[in-house]
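[1] show me the folded form of this:
(chains A and B)
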There are 2 protein chains.
Amino acid sequence: MVEIAADPTHPRYQSLLMRHRLEEAEKKGMLAGSALIAHGRGEAFDYLLGEQTVPSALKATHQALAYLLAAQRPVISLNGNAVALAGKELLHLADQLKCPVEINIFYRTPERMEALLSHLEQIKREESFDVEILGANPDARIPGLEGPRANCVRRGIFDSDVVFVPLEDGDRCEALMAMGKTVLVVDLNPLSRTAQMASVTMVDELTRVVANMNIALTNQPHPFVDDTFQNEDALSAVLVHIRDYITSA
Amino acid sequence: MVEIAADPTHPRYQSLLMRHRLEEAEKKGMLAGSALIAHGRGEAFDYLLGEQTVPSALKATHQALAYLLAAQRPVISLNGNAVALAGKELLHLADQLKCPVEINIFYRTPERMEALLSHLEQIKREESFDVEILGANPDARIPGLEGPRANCVRRGIFDSDVVFVPLEDGDRCEALMAMGKTVLVVDLNPLSRTAQMASVTMVDELTRVVANMNIALTNQPHPFVDDTFQNEDALSAVLVHIRDYITSA
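    Sure, this is the predicted structure:
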């Protein structure tokens, strides 16, 4: 249904491309019923950012990357929307960081897990990425969560010190923080529970975040952890940006 | 996938009920591929309103109702999301106003038209509404639009003086305005092209708008057209509300 502009300079090109990727993922059975609605919420907040990486978001992204580089056991946790929107880019990042990825979805069914795993395995083969893809056989549980959404892999999320979880739900973000991990999230809503609770919140669109990380990795020196970074200050700066955008409209 | 709280006093009840209605409509083939994403965008803006009818939105709703009551040839134009979210409530409104509804969708396919028509005809039968449902046989075109999205019915939208089009796209809103009609829209994004161009923009969630109209119709006297109403002032008042919400967060 989505018409993709043939011309990448079209102002809606990026946004339409993301919708197209979601529709393709939907057809493959990779998404939960709430995935498209969640994406639409993100689109609205991105609109209020001017669909751009604002300076405080870039700063948060470099801080997050610094944590990943300094980690003993980093892991990237992937849900359906993250795989659909930026599966290749995220595997490229994991390949550069030499860390595993773990498929960890809120509405876990064998069919969705299989669709996501085979999609990622195909990208890995095509791009010759050297990345371990975890998630098929969970052998541990995240304390404080109930049902299948607590499932995780011991040598992945469970034992990690730093976890990059794009597009995470509030309860799970809270549970991971309670385990003492450094939790790095991407959330376009700066007022969400996830955004408010994480160690570092990147209020930016996922593919822009991953692109900015991959760019920073090609530069030397790599970003280092800034001990003066305060996540609430970064969130406040984004809210000021949105407020000014609304006021000037 | 959506879990509906059994208790209507649950804070997320209304929002989850709307998602449930969309999922049911999706199963019946009533929605375009972009429908759920559009709904998510609306959810995000509604979140910034505090999921409530703000005073300026209620004022706009009464102004819109006054235009419908004073119209010579009013019509309610319905797309997939409007039918899914508030089909029964909108038919009830049309029954009270003694005006026709016209199914008029952006991505027109015979299958979607048939799904929407049969859904509305079923509600009409069950509720004994006396409402003409137009749209099956378009016999006119909206000037300035290309392809099937220009199709409309002569004694419906084409000849109307006042058209209530919840959830309208920007191009069509512009084309209807260019025909000299009074165009009444519901749009949760106060910065959208549709919101900026319409005669009256109700920045509110659709089912709340229709409920407020149906309530106002049970009271006497009915609202009358306020000649001092300025749509841009109503939009500015909503933006101030959102700005204050963000600033106080």
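[2] quick check: the residue of chain A nearest chain B.
    Nearest residue of chain A to chain B: residue A:40, at 2.2 Å (CB to the nearest CB). C-beta: built from backbone N, CA, C; applies to glycine.
[3] can you pull the contacts of that residue?
    B:36, B:37, B:38, B:39, B:40, B:41, B:42, B:43, B:44 (CB atoms under 8 Å, 6 or more residues apart in numbering or on different chains).
[4] tell me the secondary structure for the residue lying closest to residue A:45 once chain neighbours are set aside?
    Once flanking residues are discounted, residue A:45 sits nearest to residue A:188: 3.8 Å by CB to CB, 6 or more residues apart in numbering or on different chains. Judged by DSSP: H, G, I helix; E, B strand; the rest coil, the three-state class of residue A:188 is coil.
[5] what's the neighbour count on residue A:188?
    Counted with other CB atoms under 10 Å in any protein chain shown, the neighbours of residue A:188 add up to 25.
[6] any low-confidence regions in chain A?
    For chain A, applying pLDDT under 70 flags the ranges A:1-8, A:10-11, A:249.
[7] what bridges to the residue nearest the centre of it?
    Residue closest to the average C-alpha location in chain A (CA atoms, centre = their mean): residue A:166, at 1.8 Å. On the basis of DSSP bridges, residue A:166 is bridged to residue A:186.
[8] quick check: it vs residue B:99, distance?
    Distance of residue A:166 to residue B:99, given as CB to CB, to the nearest Å: 47 Å.
[9] again, but for residue A:219
    Counting by CB to CB, the gap from residue A:219 to residue B:99 is 63 Å.
[10] residue numbers of chain A in contact with chain B?
    A:1-2, A:19, A:22-23, A:32-34, A:36-45, A:47, A:107, A:189, A:191, A:239, A:242-243, A:246-247, A:249 (CB under 8 Å from any CB of the partner chain).
[11] which of those residues fall in helices?
    When DSSP state H is applied, these are split such that A:19, A:22-23, A:36-45, A:47, A:239, A:242-243, A:246-247 fall in helices.
[12] turn the buried ones among the residues you listed into a named ChimeraX selection, would you?
    ChimeraX command restricting these to the buried ones, with burial defined by 16 or more other CB atoms under 10 Å in any protein chain shown:
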select /A:19,22,23,36,37,38,39,40,41,42,43,44,45,47,239,242,243,246
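[13] please enumerate the strands of chain A.
    Taking DSSP state E as the criterion, chain A contains strands spanning A:74-78, A:101-103, A:133-134, A:140-141, A:151-152, A:162-166, A:182-186, A:200-202.
[14] just checking, what packs against the third one?
    Think strand A:133-134. Packing partners of strand A:133-134 (3 or more CB pairs under 8 Å, 6 or more residues apart in numbering or on different chains; DSSP states H and E): strand A:101-103, helix A:110-127.
[15] tell me the most buried of the ones you listed?
    strand A:101-103 (a mean of 26; mean count of other CB atoms under 10 Å in any protein chain shown).
[16] partner strands of that strand, with direction?
    strand A:74-78 (parallel), strand A:133-134 (parallel).
[17] which one of the ones you listed is the most hemmed in?
    That would be strand A:74-78, which, of the strands paired with strand A:101-103, has the most neighbours on average (mean count of other CB under 10 Å), namely a mean of 27.
[18] now the angle from that strand to strand A:162-166?
    Here the directions of strand A:74-78 and strand A:162-166 differ by 20 degrees (axes from the mean of the first three to the mean of the last three CA atoms, to 10 degrees).
[19] tell me the angle strand A:74-78 makes with helix A:110-127.
    Using the same axes, to 10 degrees, strand A:74-78 lies at 120 degrees relative to helix A:110-127.
[20] keeping just the C-alphas, turn strand A:74-78 into CSV.
    Coordinates of each C-alpha in strand A:74-78 appear next as CSV, following Å, rounded to 0.1, in the frame of the first residue of the first chain:
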residue,chain,number,x,y,z
PRO,A,74,27.9,-6.0,25.7
VAL,A,75,24.8,-7.3,24.0
ILE,A,76,22.2,-5.9,21.5
SER,A,77,18.6,-7.0,22.3
LEU,A,78,16.4,-7.0,19.2
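[21] just want the angle from that strand to strand A:182-186.
    Computed by the same axes, to 10 degrees, the angle between strand A:74-78 and strand A:182-186 is 40 degrees.
[22] who touches strand A:74-78?
    Contact with strand A:74-78 is made by A:67-68, A:87, A:90, A:93-94, A:97, A:99-104, A:116, A:120, A:134-135, A:156-157, A:160-166, A:168, as judged by CB under 8 Å, 6+ apart.
[23] for stretch A:54-70, buried residues please.
    A:54, A:56-69.
[24] show only the entries of those residues found in helices.
    Secondary structure from DSSP H places A:56-69 of the buried residues of stretch A:54-70 in helices.
[25] and of those, the nearest to residue A:201?
    Distance ranking of these against residue A:201, using CB to CB, places residue A:60 first at 6.3 Å.
[26] quick one: residue A:226 and residue A:66 touch, right?
    Yes: between residue A:226 and residue A:66 there is a contact under CB atoms under 8 Å: 7.2 Å.
[27] name all residues that make contact with residue A:98.
    Contacts of residue A:98 by CB under 8 Å, 6+ apart are residue A:130.
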